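In: Everything below, folded, please.
(one chain, ligands or ions: 2)
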Amino acid sequence: MRYGYFDDTAREYVITRADTPLPWINYLGSDGFFSLISNTCGGYSFYKDAKLRRITRFRYNNVPHDDGGRLFYICDGDTTWSPAFLPAKTPLDHCRCRHGLGYSVFEGGKNGVSAELTVTVPRHTDMELQKLVLKNESTEEKKLTVYGAVEWCLWNAVDDAANFQRNWNIGEVEIEGSTVFHKTEYRERRNHYAFYSVNAPVDGFDTDRDTFLGRFRGWSEPRAVEERTSFRSIAAGWAPIAALRLSVTLAPGESSTLLFRLGYAENPPGRKFSAPDVVNKERAYAMLAAYETPAQFDAALEELKAYWDALLSRFTVRSSEDKLDRMVNIWNQYQCMVTFNMSRSASYYESGMGRGMGFRDSCQDLLGFVHLIPERARERIHDIASIQSRDGSTYHQYQPLTKRGNADVGSGFNDDPLWLVACTCAYVRETGDFSILDEPTPFNNEEGSEVPLMEHLRRSLNYTLTHRGPHGLPLIGRADWNDCLNLNCFSHTPGESFQTCSNYESGKAESVFIAGMFVKYGREYAELCERIGLSAEGEKMRAAAGEIEAATLAHGWDGEWFLRAYDAFERPVGSRENDEGRIFIEPQGFCVMAGIGGTEYGKRALASAEAHLGNEFGMEVLHPCYTTYRDYIGEISSYPPGYKENGSVFCHNNPWITLAYCTVGDGDAAFNMYRRNAPAYIEDRSEVHRTEPYCYSQTIAGRQARTFGEAKNSWLTGTAAWSFVAVSQGILGIRPDYDGLIVDPSLPKCMDGFHAVRLFRGTRYEITVRRGEDKGLRVDGKPVGGKTVPLASGAVCSVELVI
Ligand code: GLC
Ligand code: GLC
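Out: Numbers count the residues shown, from 1 in each chain. Ligands and ions are numbered 1, 2, ... in the order given. I've put the predicted structure just below:
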């Protein structure tokens with residue numbers, strides 16, 4: 001069943017009913033000001049950091065779910081309704097939500113009045129704009145009362161939800177004309193404020209939530225709205241809001257446009273006040289003046305659309321698979337941008353209060369983003385590498401506002417350092433910018449400790465080499481990519497973090513997955529070394545990769561598939577010897593991508609993975625699921641069977657299998673894997689899948705779960721980046737390389753070819769792949785040996801590959 005449809009021309013997903021199985025959200029903003037917005041207009045905004053600088057309030061565990069957000073009420077006679085259905089909940093005559101790239105549109109109508117609310121955050125603007133167009137489609141005059149409201153968050157989202165003995169005393173606002181200014185704590189250490197404004201004179205306002213709502217009422221039925229009035233309340237502590245009230249009279253056929261604006265501004269220390277205790281609002285007024293008219297709004301939206309046109313034109317494909325095209329051309333790249341911006345901080349599942357930017361997560365997000373805005377990728381690599389320690393280990397996370405390593409989580413995730421190698425190599429292949437390797441980069445953000453980035457990469461690999469266990473395989477530490485395989489944890493205390501405690505540091509637990517990573521990225525590093533004349537270093541690393549490959553074949557192969565690990569007592573994990581958790585997906589993906597054991601081992605490992613882990617929505621992370629808690633396995637065994645890391649389809653690793661199939665040359669299996677959970681392919685199972693049909697989710701309940709096929713944790717997942725890599729570089733086979741663009745597809749039989757455009761180092765490569773007798777690669781009409789299209793000097797280069 002579907003709840004809407006894709007409009008590929010407009011690049012929108014159109015949701016045709018409000019009762020989607022879960023809130024289906026979108027992201028607004030690209031620089032500092034970000035908003036989450038659901039299909040019923042819920043969600044919240046923040047400036048740069050969802051924990052430290054939250055602008056509007058959101059209650060994650062609310063009932064009903066997704067209450068709050070942008071609160072619009074249209075009062076027409078006795079009827080009160082909302083353009084996006086919530087908060088008023090009045091059944092509408094028609095209602096649609098269109099999520100586009102960086103904007104959302106809500107269309108609703110009731111009793112002859114229609115509303116179109118368009119919400120966006122323009123580029124380089126710290127404001128969310130809400131354009132509300134009201135139209136009288138009836139034959140009578142309409143006298144409407146309109147309210148627009150938001151609820152402020154007291155900046156620090158954690159404190160805001162916890163420290164009420166303080167919170168309920170500190171809220172402060174100022175009101176000037178049609179603008180409410182939120183200035184809680186501005187008097188002391190803060191120099192920032194927020195504002196909510198409308199571009200027309202208001203009849204009234206409220207800034208104290210409980211006065212506006214009235215006792216025993218929620219957002220669906222505020223007392224002020226019911227009485228068509230405002231109480232002109234001035235918040236003093238409690239919960240400050242901004243509720244603006246206007247009158248709109250419309251003749252038949254007439255329409256009227258209101259522009260609401262939610263903004264954030266900072267003042268320099270010496271210019272905080274315009275009078276004692278009065279906020280200097282110059283900045284806000286300048287921002288508002290820039291978006292005072294609907295025409296200014298429309299221009300900003302056009303600019304945003306042009307920005308996305310340009311971004312997405314860097315990689316486009318046209319094939320017989322319209323769902324694949326739709327994912328590649330629009331939604332997968334869009335999600336890559338969102339994960340790059342948000343890491344794992346703010347979604348409807350990630351509260352924005354916990355994790356900041358993850359080291360491994362950000363490195364992997366970059367793989368799907370680097371072709372879009374290489375300069376931002378470069379900056380990100382620098383930020384990430386700067387939280388690494390001298391011994392090559394690294395902090396696991398950092399806060400985006402401070403860019404400092406997060407001491408609470410610390411380090412010890414032994415896969416982390418290797419991801420830095422992965423993303424740096426990807427960056428240099430994309431851009432040819434070797435200068436990044438010389439970039440002075442500190443350890444632990446310590447001034448004076450800077451060494452060239454290349455030295456960070458060397459230390460990353462060296463960390464693995466100097467942390468090996470009894471079988472010569474890499475030690476796992478607290479966990480590798482699978483955060484819940486905690487082999488040194490042995491936790492028996494409720495609430496203790498599986499990720500950060502180690503109650504029994506065996507010094508023995510090893511990871512075959514990290515071995516696969518090392519072989520793959522060790523060789524990529526070696527190649528990088530050779531390219532910059534460090535041939536001895538390159539040779540050394542090739543030898544080391546060979547050593548780890550040999551150890552993996554000797555001790556990491558279980559007979560029909562790759563083992564997952566050795567536990568603290570040197571017992572195999574992910575082996576036919578185990579009663580549960582007999583086979584894991586991660587090493588089948590990574591060891592095969594790394595080429596360990598060649599095609600023969602690769603094919604066997606993948607056949608085993610399919611046989612044991614495959615289901616209609618992808619491949620499960622392990623099988624059989626753990627049915628009891630095992631302290632020597634850790635958090636995996638704490639999840640009910642079929643959920644999360646205990647045997648769900650944990651989508652992030654599925655593209656590794658797709659790529660592994662490409663590595664062994666099986667295009668049919670690669671495509672079959674890809675389409676099992678590519679959102680557009682499962683759109684018509686939305687009632688089962690339940691999350692948004694236009695983006696990937698982290699996890700889909702596995703066969704042993706009670707809710708097989710149900711997805712959770714949409715948006716912020718490494719699945720986005722890896723799926724884009726799998727489809728663009730694996731299936732379509734267009735891979736940036738140091739000396740040119742490799743074109744080496746692994747197409748399924750059902751595809752005869754495709755046309756693609758790839759912008760690469762300033763040239764537009766127009767690529768045609770087709771099946772035929774005249775096999776081979778032709779560049780600008782001339783045959784070229786091998787699979788690499790040499791770097792072109794012109795603006796356009798035409799490439800034809802016959803397979
Ligand atoms: C989460 C984490 C990621 C981890 C994965 C598997 O998505 O963000 O870092 O690799 O879970 O446990
Ligand atoms: C939990 C989750 C895992 C996530 C981790 C982050 O262990 O199961 O997916 O990566 O928390 O801390």
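In: Mind listing residues that contact whichever helix or strand residue 461 is part of?
Out: Using DSSP states H and E, residue 461 maps to helix 453-465. Helix 453-465 is contacted from outside by 381-382, 385, 388, 390-393, 414, 417-418, 420-421, 424, 436-439, 441, 474, 514, 518, 521-522, 525, 528, 532, 537, 541, 544, 548, using Cβ atoms under 8 Å, 6 or more residues apart in numbering. Just so you know, the C-beta spots here come from the backbone N, C-alpha and C atoms, and that holds for glycine as well.
In: Using ChimeraX, define a selection of the buried residues within the residues you listed.
Out: Paste this into ChimeraX to select the buried members of those, with burial taken from 16 or more other Cβ atoms under 10 Å:
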select :381,382,385,388,392,393,414,417,418,420,421,424,436,437,439,441,474,514,518,521,522,525,528,537,541,544,548
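In: which ones among the contacts of helix 453-465 are found in strands?
Out: Using DSSP state E, the subset of the contacts of helix 453-465 located in strands is residue 441.
In: just to revisit the earlier point, relative to the whole chain's centre, how far out is the helix holding residue 461?
Out: In terms of Cα atoms, centre = their mean, to the nearest Å, the centre of helix 453-465 is found 27 Å from the chain centre.
In: quick one on the thing from earlier: just the contacts of helix 453-465 that are near ligand 1?
Out: With Cβ under 6 Å from any ligand atom as the criterion, the contacts of helix 453-465 include none near ligand 1.
In: and the residue in the chain positioned nearest to ligand 1, which of the three is it?
Out: For the chain and ligand 1, the shortest gap (Cβ to the nearest ligand atom) falls at residue 483, measuring 3.5 Å. Following DSSP: H, G, I helix; E, B strand; the rest coil, we place residue 483 in the coil state.
In: That one - how many residues pack around it?
Out: 20 (other Cβ atoms under 10 Å).
In: shouldn't residue 190 be in contact with residue 155?
Out: Yes: counting by Cβ atoms under 8 Å, residue 190 touches residue 155, with 7.1 Å between them.
In: Between those two, point out the one with more neighbours.
Out: Per other Cβ under 10 Å, whichever of residue 190 and residue 155 has more neighbours is residue 155, with 22 against 15.
In: picking that back up, got the buried residues for the helix holding residue 461?
Out: Buried, per 16+ other Cβ under 10 Å, within helix 453-465: 453-461, 463-465.
In: Quick check on the closest residue to the residue of the chain closest to ligand 1 other than its chain neighbours: phi, psi?
Out: Distance criterion Cβ to Cβ, 6 or more residues apart in numbering; nearest residue to residue 483, sequence neighbours excluded, is residue 499 at 5.9 Å. The phi and psi values for residue 499, taken as degrees, to the nearest 10, are phi -80, psi -30.
In: ok, now which ones touch residue 499?
Out: Applying Cβ under 8 Å, 6+ apart to residue 499 gives the contacts 409, 413, 478-479, 483, 486, 635.
In: re earlier: give the rounded mean pLDDT of the helix holding residue 461.
Out: Here helix 453-465 scores 98 as its mean pLDDT.
In: Surely residue 584 and residue 621 touch.
Out: Yes: using Cβ under 8 Å, residue 584 is in contact with residue 621, at 6.6 Å.
In: what touches both of these two?
Out: Common contact partners of residue 584 and residue 621 (Cβ under 8 Å, 6+ apart): residue 482.
In: one step back: let me know the pLDDT of the residue nearest to residue 483.
Out: The score at residue 499 is 92. That number is its pLDDT.
In: For the residue nearest the centre of the chain, give its distance to ligand 2.
Out: For the chain, the residue nearest the mean C-alpha position is residue 339 (2.4 Å; Cα atoms, centre = their mean). Between residue 339 and ligand 2 the computed distance is 14 Å (Cβ to the nearest ligand atom, to the nearest Å).
In: who are the neighbours in contact with that residue?
Out: Contacts of residue 339 (Cβ under 8 Å, 6+ apart): 361, 365, 368-369, 715-718, 720-721.
In: what about 7 Å?
Out: By Cβ atoms under 7 Å, 6 or more residues apart in numbering, the residues touching residue 339 are 365, 716, 720-721.
In: Now intersect those residues with the helices, please.
Out: Those of the contacts of residue 339 mapping onto helices are 365, 720-721, per DSSP state H.
In: Is it possible to get TSV of the residues you listed that adds pLDDT, neighbour count and distance to residue 766?
Out: Shown next, in TSV, are these (pLDDT from 0 to 100; neighbours: other Cβ atoms under 10 Å; distance: Cβ to Cβ, whole Å):
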residue	pLDDT	neighbour count	distance to residue 766
365	98	31	28
720	98	30	26
721	98	28	25
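In: got the residues you listed as JSON lines, with distance to residue 238 columns?
Out: Formatted as JSON lines, the ones in helices among the contacts of residue 339 follow (distance: Cβ to Cβ, whole Å):
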{"residue": "365", "distance to residue 238": "39"}
{"residue": "720", "distance to residue 238": "40"}
{"residue": "721", "distance to residue 238": "43"}
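In: With distance to ligand 2 added, can I get these in a markdown table?
Out: Putting the ones in helices among the contacts of residue 339 into a markdown table (distance: Cβ to the nearest ligand atom, whole Å) gives the following:
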| residue | distance to ligand 2 |
| --- | --- |
| 365 | 14 |
| 720 | 15 |
| 721 | 15 |
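In: Now do the contacts for the closest residue to residue 665 other than its chain neighbours.
Out: Nearest residue to residue 665, sequence neighbours excluded (Cβ to Cβ, 6+ apart): residue 746, at 6.6 Å. Applying Cβ under 7 Å, 6+ apart, we find residue 746 in contact with 662, 665, 667, 670, 730-731, 733.
In: same question, residue 432
Out: Each residue near residue 432 by Cβ under 7 Å, 6+ apart is listed here: residue 761.
In: Can you give me the pLDDT of it?
Out: pLDDT, residue 432: 98.
In: measure it to ligand 2 for me?
Out: 34 Å.
In: Residue 279 now?
Out: Counting by Cβ to the nearest ligand atom, the gap from residue 279 to ligand 2 is 38 Å.
In: That residue against residue 183, yeah?
Out: Yes: in this structure, residue 279 is within contact of residue 183 by Cβ atoms under 7 Å, at 5.2 Å.
In: who's more crowded, those two?
Out: Set residue 279 next to residue 183 and count neighbours by other Cβ under 10 Å: residue 279 wins out with 26 against 21.
In: Tell me the bridge partners for the more buried one.
Out: Per DSSP bridges, the residues bridged to residue 279 are residue 273.
In: OK, contacts around it?
Out: The neighbours of residue 279, taking Cβ under 7 Å, 6+ apart as the test, are 174, 181, 183, 186, 193, 273.
In: Need the residues touching each of residue 279 and residue 183.
Out: Shared contacts of residue 279 and residue 183 (Cβ under 7 Å, 6+ apart): 174, 193.
In: Could you see whether ligand 1 lies near the helix or strand harbouring residue 657?
Out: Using DSSP H and E, residue 657 maps to helix 654-663. No: Helix 654-663 stays clear of ligand 1 (Cβ under 6 Å from any ligand atom), getting no nearer than 11.9 Å.
In: Show me what that helix is packed up against.
Out: The helices and strands touching helix 654-663, judged by 3 or more Cβ pairs under 7 Å, 6 or more residues apart in numbering; DSSP states H and E, are helix 586-593, helix 598-613, strand 618-619, helix 667-677, helix 719-725.
In: got a list of contacts for that helix?
Out: Residues from elsewhere that reach helix 654-663, judged by Cβ under 7 Å, 6+ apart: 585, 588-590, 592-593, 595, 602, 606, 609, 618-619, 669-670, 673-674, 677, 722-723, 725-726, 730-731, 746.
In: Before I go, just wanted to say thanks for your time.
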